[in-house]
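Asks: quick one, fold the following:
(chains A and B)
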2 protein chains.
Amino acid sequence: MQLHTYFRSSAAYRVRIALALKGIAWDPAYVHLLKDGGQQKAAAYRAVNPQGLVPTLVDGDAVIPQSLAILEYLEERYPMPALLPADPAARARARSMALAIVADLHPLNNLRVLTYLRGPLGQGEEAVKAWIAHWTTEGFAALEQMVEGPDFCIGGAVSVADLCLVPQMFNARRFGVDLTPYPKLVAIDAHCQTLAAFQSAAPGQQGDAEG
Amino acid sequence: MQLHTYFRSSAAYRVRIALALKGIAWDPAYVHLLKDGGQQKAAAYRAVNPQGLVPTLVDGDAVIPQSLAILEYLEERYPMPALLPADPAARARARSMALAIVADLHPLNNLRVLTYLRGPLGQGEEAVKAWIAHWTTEGFAALEQMVEGPDFCIGGAVSVADLCLVPQMFNARRFGVDLTPYPKLVAIDAHCQTLAAFQSAAPGQQGDAEG
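Replies: Residues are numbered from 1 along each chain as shown, chains lettered A, B, ... in the order given. Prediction:
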């Protein structure tokens, strides 16, 4: 199995945690999002992933973009350990929380959007920082109410929600967002960070990591 | 089953199509996104959905925000007719395409983001229109390559990908985006519009529709 990845991509980070939890061996194909004007935009990579975004999982003939689609695929092909609760309502809560991050928080603060703010919209770094803080604060306030805790987001065990939360906390710290209003999120993140799968998937542990 | 919905919300539109396809009866709870400063921001609605976004599905004790989480829940509880192909790789392609819309295209052009552009960032209508066109064009160019067609996005039958595409095409037309570069998307949209479930779920057919 091959994963097109970039150490700092929080979407790739989600998938790296899943692969580690399920004990699936994988080979990295590094895509540097800044070098060469962004290697994800190159024709060779667009042939793999027409959106020009990381990650992409390649498993034999299956070529799968989009981190949540990859997590669902891995869950169907390698069910144990599970990344979704067994109870239908709890499964829905786990997916809702994952999507609150994947669909409403992360896409507003990723590289291509910040590049557009700085470029065509002519925004300075103060305005860009305020933009990031605005969406992170709004998103995290909702997440703080959605989580069940104390150790994991939903259902007392690790789920796709934790796989999305931990990389988003990493991003928030990197952008200097104040996390003190979100004690439940901080506690869940701290607990997950004690697990080997989360540790090995961290950006700093990747072969393409930079200081 | 109760759906918190707004006629023009493309996320709610996705769910309305799924409910119609599966023949599930539902009661609407209308949330007007513009009246009263946005009814989705009221405390009563935030108690149902902490994000303050539509849709939310209420099925007995299960309260489910996020359209894709609702679609997965419906698929698990009411498997027929299926909204996902049977083949694992095709299931992944359908989910990837749905997420390319839900996570990368739609969230950049929804009401709260346009409001932020007009407000804190002080952008005029020309810049807002260019923003919408930029992300729609980038997203649709990738989708045009991802779809298999000719009648449906993936796998020769209706799937979650079509449920996400058709409302996004509705949005694109409403914003005046030129769709001629995307003949496959236009053909799939036209075919889906011939189906009763897509017709009954359309914004103009809802009880809260406005001219």
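
Asks: before we move on, what SS does A:Leu3 have?
Replies: At A:Leu3, secondary structure determined by DSSP: H, G, I helix; E, B strand; the rest coil is strand.

Asks: and if you look at the one 4 residues further on?
Replies: Following three-state DSSP, we place A:Phe7 in the coil state.

Asks: that one contacts A:Ala201, correct?
Replies: No - the criterion here is CB atoms under 8 Å, and A:Phe7 misses it with A:Ala201 at 10.2 Å. Any C-beta I mention is one placed from the backbone N, CA and C, and that applies to glycine too.

Asks: more neighbours, these two?
Replies: Using other CB atoms under 10 Å in any protein chain shown as the criterion, A:Phe7 and A:Ala201 rank with A:Ala201 on top: 24 against 20.

Asks: what's the burial count for the closest residue to the more buried one other than its chain neighbours?
Replies: Counting by CB to CB, 6 or more residues apart in numbering or on different chains, A:Ala201 lies nearest to A:Arg16, which is 3.6 Å off, once chain neighbours are set aside. Residues near A:Arg16, counting by other CB under 10 Å, number 27.

Asks: contacting residues around A:Arg16?
Replies: A:Arg16 sits next to A:Leu3, A:Thr5, A:Ser200, A:Ala201, A:Gln206 when contact means CB atoms under 8 Å, 6 or more residues apart in numbering or on different chains.

Asks: check these for burial and list the buried ones.
Replies: A:Leu3, A:Thr5, A:Ala201, A:Gln206 (16 or more other CB atoms under 10 Å in any protein chain shown).

Asks: nearest to A:Val160, of these?
Replies: A:Ala201 (13.9 Å; CB to CB).

Asks: residue boundaries of the strands in chain A?
Replies: A:2-5, A:27-30, A:56-59, A:62-65 (DSSP state E).

Asks: what is the neighbour count of the closest residue to A:His191 other than its chain neighbours?
Replies: Closest residue to A:His191 apart from its sequence neighbours, by CB to CB, 6+ apart: A:Asp151 at 4.3 Å. If you count neighbours by other CB under 10 Å, A:Asp151 ends up with 16.

Asks: and A:Asp151, how close does it get to chain B?
Replies: 20 Å (CB to the nearest CB, to the nearest Å).

Asks: show me the contacts for that residue.
Replies: A:Asp151 neighbours (CB under 8 Å, 6+ apart): A:Ala187, A:Ile188, A:His191.

Asks: and if you look at A:Val186?
Replies: Each residue near A:Val186 by CB under 8 Å, 6+ apart is listed here: A:Met169, A:Leu179.

Asks: ranges for the helices of chain A?
Replies: A:10-21, A:43-48, A:67-77, A:88-102, A:111-118, A:125-146, A:160-174, A:183-192, A:196-200 (DSSP state H).

Asks: apart from its chain neighbours, what residue comes closest to A:Ala29?
Replies: A:His4 (4.7 Å).

Asks: the one you found against A:Pro55, yeah?
Replies: Yes - shown here, A:His4 and A:Pro55 form a contact pair, counting by CB under 8 Å, at 5.6 Å.

Asks: what do these two both touch?
Replies: Common neighbours of A:His4 and A:Pro55, using CB under 8 Å, 6+ apart, are A:Ala12.

Asks: let me know the pLDDT of the residue lying farthest from the centre of chain A.
Replies: For chain A, the largest distance from the centre (CA atoms, centre = their mean) belongs to A:Gly122, which lies 27.8 Å off. Confidence at A:Gly122, expressed as pLDDT, is 95.

Asks: show the backbone phi and psi for it.
Replies: A:Gly122 has phi and psi values of phi 60, psi 30 when expressed as degrees, to the nearest 10.

Asks: if we can go back for a sec, what sits against the residue nearest to A:Ala29?
Replies: A:Ala12, A:Ala29, A:Tyr30, A:Val31, A:Tyr45, A:Val48, A:Asn49, A:Val54, A:Pro55, A:Thr56, A:Leu57, A:Val58.

Asks: what sits against A:Pro65?
Replies: By CB under 8 Å, 6+ apart, the neighbours of A:Pro65 are A:Asn49, A:Pro50, A:Gln51, A:Leu53, A:Pro55, A:Thr56, B:Ser96, B:Ala100.

Asks: domain boundaries for chain A, per the record?
Replies: A:2-81, A:88-197 (automatic domain parsing).

Asks: A:Leu114: neighbouring residues, count only.
Replies: 18.

Asks: that one and A:Lys129 touch, don't they?
Replies: No - shown here, A:Leu114 and A:Lys129 do not form a contact pair, counting by CB under 8 Å, at 9.9 Å.

Asks: and the end-to-end length of stretch A:74-91?
Replies: Distance across stretch A:74-91, first residue to last, is 16 Å (CA to CA, to the nearest Å).

Asks: buried residues in that stretch?
Replies: A:Leu74, A:Glu75, A:Tyr78, A:Ala82, A:Leu83, A:Leu84, A:Pro85, A:Pro88, A:Ala89, A:Ala90, A:Arg91.

Asks: repeat that for stretch A:127-137.
Replies: In stretch A:127-137, counting by 16+ other CB under 10 Å, buried: A:Ala127, A:Val128, A:Trp131, A:Ile132, A:Ala133, A:Trp135, A:Thr136.

Asks: ok, now stretch A:163-177?
Replies: A:Leu163, A:Cys164, A:Leu165, A:Val166, A:Pro167, A:Gln168, A:Met169, A:Phe170, A:Asn171, A:Ala172, A:Val177.

Asks: columns pLDDT on top of those, output as a markdown table?
Replies: A markdown table is the format used below for these (pLDDT from 0 to 100):
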| residue | pLDDT |
| --- | --- |
| A:Leu163 | 98 |
| A:Cys164 | 98 |
| A:Leu165 | 98 |
| A:Val166 | 98 |
| A:Pro167 | 98 |
| A:Gln168 | 97 |
| A:Met169 | 97 |
| A:Phe170 | 97 |
| A:Asn171 | 95 |
| A:Ala172 | 95 |
| A:Val177 | 93 |
